[in-house]
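**Student:** Whatever this is, show me its structure:
(chains A and B)
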Amino acid sequence: MRNTMRTIGKVWFLGFVIVAPALGQSRLQSEPSPAVTGPTYNVAVGYTYLSMPMPGAGRANFNGLDFSGNIGLSPRWGATLDSSYLFTPEVLSTRHQGYMVNLHTGPVFYPVAHGNTRVFVRALAGMALVDGAVPITKSEDFHGWELRPSYAFGGGVEHPVSGQLALRVIGDYLRTDFYDPAGAVKPQNNLRLTVSFVFRLKERAHRSAQLR
Amino acid sequence: MRSFRTIVFLLLVSATASVASETPKPSPALSFDQTVDRIIARERGFVVTMKHMHPLAETYIQNLHEDNDHNVEPVSDQYFLGRLDLNDGIRDSVFQKQHARFLHHALNPFSAALEYKFLPQGFAQMVVLDADFQKSNYRFTFVRREFLGEARCIVIDVQPGKKAKEGSFTGRIWVEERDFNIVRFNGTYSGHPDTHYLHFDSWRFNLQTDVWLPSYVYVEESGTKPNSALFHDLYLKAQTRLWAYDPEQLNHEEEFTQIKVDNSVDDRPVAKDNSPVEAQRMWERMAEDNAVEHLQKIGLLAPTGDVDNILQTVVNNLIVTNKLQIEPDVRCRVLLTLPLESFTIGHTVVVSRGLLDVLPDEASLAMVLAHELGHLVLGHHIDTQLAFNDGFFFADKDTFQRLHFELDAAAEGAADNKAMELLGNSPYKDKLSNAGLFLKALHDRAPLLTNLIRPRLGDTMASGNTTRMAALFSAAPALQKQRLDQVAALPIGSRVKLDPWSNQLTMMNAKPVALVSPREKMPFEVTPFFPFLTYSQADRKLVARGSVGP
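**Tutor:** The predicted model follows:
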């Protein structure tokens, strides 16, 4: 499983860094150049679901809220700051609550756009705090929390639903760490699904005056 | 190389024209579907033609602001001049006064990404409706027929279909019925809201037989709720003008074949030798001619024409009434660019098209010319290094960096004083209040419209808190923006009309219009274009010419 995830990660990285920009560039050449470039901003809030494997104990399901802020630096590139809070009332029948708080940031690339619908891929890095429990025996479990560097990569689709509002769906692979039943820190390969509403902030007028 | 390009262009245009002449003229039986096929075929031909054209493209943008009393005024501006190149997409080599600040960018690499920036190629793009115009990508809806000037047009709404790619045109096109050329299109490119495609109105002129080429583009974006929120839409107006299409401009090869030598021996009885003073004058004239010829060759200076004659008349009025003896003769020329500037190249007085456009009356023009004449009378001389032709071996886009005709502040002050003296003896001496008002209007807008005021080659009209001709400025009445009868400066494009093919300037032939509100005064402001379209005249028919060997 671990090797598979590594391989997927390498392929994804190759696609993100090399292939995707090349594809985007070839599309760009056939499209009209915009007359104005500048950052665009949006904020998003939504529901997020996470399937978390507890080392040596199965998968736990978390639900929560996701908040993110995005800046578009060009028609094809942007950056995002993403945070989420996920909660489960009971981790794998341990009678312990569990939660995860994470904060990530990283680049976003939009390789494909059809009409107003845009497909994107992103790579994020940051920190994740995992509070959970791992069953050791049928009557005993281990409960604790771990704050460690974390990373994520994935992609999604964004489609405007009105002038300033859009719907965004993201699927992510999220890498965190937690303890196994033996008390050793082990990596977790989480899968995260987020559905959020995006509020597009319009560009500030007259900023161009600063170009002088 | 230039000769090769010229031949390729002539063959291309001839081929286009011959195809057009073979095209059957529209008949009443032509269905709308067939008409659309013809339009698309012509437009695809246009794109091919444009790839061989390298006109100058000048874009001037004014950012606007609406105050609480709903007065809309420009608050900042931006200016680009470049040579258009449609090969491999839209590119243009931009004429810049200064190179990009490398150190600034190196130390602050994110500033470019985080600042709003107008892109010259984005404005130049608006001359092309769709580089790959295909019927299957669009829905066409007939609207009506109407005249745009002489051209009877079919008006059609064009919307991207389901298969259309991002960046497809959406809007309305006007197609002249004679040959199915698109002569105007008005709309935008469709795309994601985060992609800044602006709304534009693009006009083409019939510059050669069967060849319609982009000439004017007007751009406008209106903010919906200024002052109501932290973030709001772009609010701007912009104009793009294209000219210098003629690949034969100042091509001396043809003249070479037409040299007719009547008599190779000059047997006049007068002295043939030049004195040192004459030699110095000739040397300075040579530098002057080199500079003038170079500027005309690259399309920055208009060929001699009617507008020069008007300037010459005013200069002669000043010379005669002041009993001036100036040797060699003073000549007047027009710089084809928008920024407000005037300067002298030796004994050639140059005034920019933009400055001519906004001057309210002849006395104001006399003020500008008197200042330049002041330089000549005071003997402010040209850099005679320009007499060496190797000084002109540089890329067109470097012109503003390589040629300088501005003088220092002391020379400017002395020319101002001399100009006041010249004007005092001239027929304009009692009509100078409007000239002073013009300076006040300029002073009022100078801090905001820095790109309009900043000269590219010559002397500035206003700088900081000072304007040229301070004495006239102080003597002028107060500027009253609400008074309809006080017009201190005109909107851009008020005076002269530019032929995009030949670069010839003519005076506008517009009827006087009574203003109904102060809003219509629009001093120094960008306005929409509404040209009177005409078919090219028979005498301008393109005649294919053979190449000339060295």
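**Student:** which residues touch B:Phe169?
**Tutor:** Shown in contact with B:Phe169 (Cβ atoms under 8 Å, 6 or more residues apart in numbering or on different chains): B:129-130, B:138, B:158, B:160, B:185, B:187-190. All C-beta spots, glycine's among them, are computed from the backbone N, C-alpha and C.
**Student:** can you tell me which of those are up against chain A?
**Tutor:** Among the contacts of B:Phe169, the ones lying close to chain A by the criterion of Cβ under 8 Å from any Cβ of the partner chain are B:189-190.
**Student:** The most centrally placed residue in chain A is in what secondary structure piece?
**Tutor:** For chain A, the residue sitting closest to the mean C-alpha position, by Cα atoms, centre = their mean, is A:Asp172 at 5.4 Å. Using DSSP states H and E, A:Asp172 maps to strand A:165-179.
**Student:** Wondering if the helix or strand following that strand reaches chain B at all.
**Tutor:** Proceeding C-terminally, strand A:165-179 gives way to strand A:185-201 as the next helix or strand, assigned by DSSP H and E. Yes: taking Cβ under 8 Å from any Cβ as the criterion, strand A:185-201 and chain B are in contact, through A:200-201.
**Student:** thinking again about what came up before, let's see which of the contacts of B:Phe169 end up in strands.
**Tutor:** With strands defined by DSSP state E, the entries of the contacts of B:Phe169 inside them are B:138, B:158, B:160, B:185, B:187-189.
**Student:** that older thread, please point out which parts of the strand holding A:Asp172 sit buried.
**Tutor:** Within strand A:165-179, the residues that qualify as buried by neighbour count (16 or more other Cβ atoms under 10 Å in any protein chain shown) are A:166-168, A:170, A:172-179.
**Student:** In CSV, list these along with pLDDT and distance to chain B.
**Tutor:** Putting the buried residues of strand A:165-179 into CSV (pLDDT from 0 to 100; distance: Cβ to the nearest Cβ, whole Å) gives the following:
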residue, pLDDT, distance to chain B
A:Ala166, 91, 9
A:Leu167, 95, 14
A:Arg168, 96, 13
A:Ile170, 96, 17
A:Asp172, 93, 22
A:Tyr173, 95, 26
A:Leu174, 94, 26
A:Arg175, 94, 28
A:Thr176, 93, 30
A:Asp177, 90, 32
A:Phe178, 88, 36
A:Tyr179, 85, 40
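**Student:** Between those residues, which sits nearest B:Pro447?
**Tutor:** Nearest to B:Pro447, judged by Cβ to Cβ, of those is A:Ala166 at 39.6 Å.
**Student:** Chain A: helices as residue ranges?
**Tutor:** Assigned helices in chain A, in chain order: A:2-14, A:20-30 (criterion: DSSP state H).
**Student:** among those, where is the model least confident on average?
**Tutor:** Between those, the one with the least mean pLDDT is helix A:20-30; it has a mean of 50.
**Student:** sorry, back to before: just name the closest of the contacts of B:Phe169 to chain A, please.
**Tutor:** Here the nearest of the contacts of B:Phe169 to chain A, counting by Cβ to the nearest Cβ, is B:Tyr189; it sits at 4.8 Å.
**Student:** Relative to B:Thr170, how far out is the residue nearest to that closest one when sequence neighbours are not counted?
**Tutor:** In space, B:Tyr189 comes closest to B:Tyr197 once its chain neighbours are excluded; the distance is 4.2 Å by Cβ to Cβ, 6 or more residues apart in numbering or on different chains. Distance of B:Tyr197 to B:Thr170, computed by Cβ to Cβ, to the nearest Å: 9 Å.
**Student:** Compare those two and say which one has the larger neighbour count.
**Tutor:** B:Tyr197 (25 against 17; other Cβ atoms under 10 Å in any protein chain shown).
**Student:** The more buried one and B:Gly191 touch, don't they?
**Tutor:** Yes: with contact defined as Cβ atoms under 8 Å, B:Tyr197 and B:Gly191 form a contacting pair (5.3 Å).
**Student:** Where does the prediction get shaky in chain B?
**Tutor:** The model of chain B has pLDDT under 70 over residues B:1-28, B:88-115, B:192-194, B:223-233, B:247-271, B:538-550.
**Student:** That one - how does it break down into domains?
**Tutor:** Partitioning chain B according to automatic domain parsing yields domains covering residues B:2-245, B:275-524.
**Student:** Now look at the longest one and say if it contacts chain A.
**Tutor:** Yep, that's domain B:275-524 we're talking about. Yes: Domain B:275-524 is in contact with chain A by Cβ under 8 Å from any Cβ, via B:450-451.
**Student:** hmm, back to that, closest to B:Asp77 among the ones in strands among the contacts of B:Phe169?
**Tutor:** Among those, B:Thr188 lies closest to B:Asp77 (Cβ to Cβ), at 21.9 Å.
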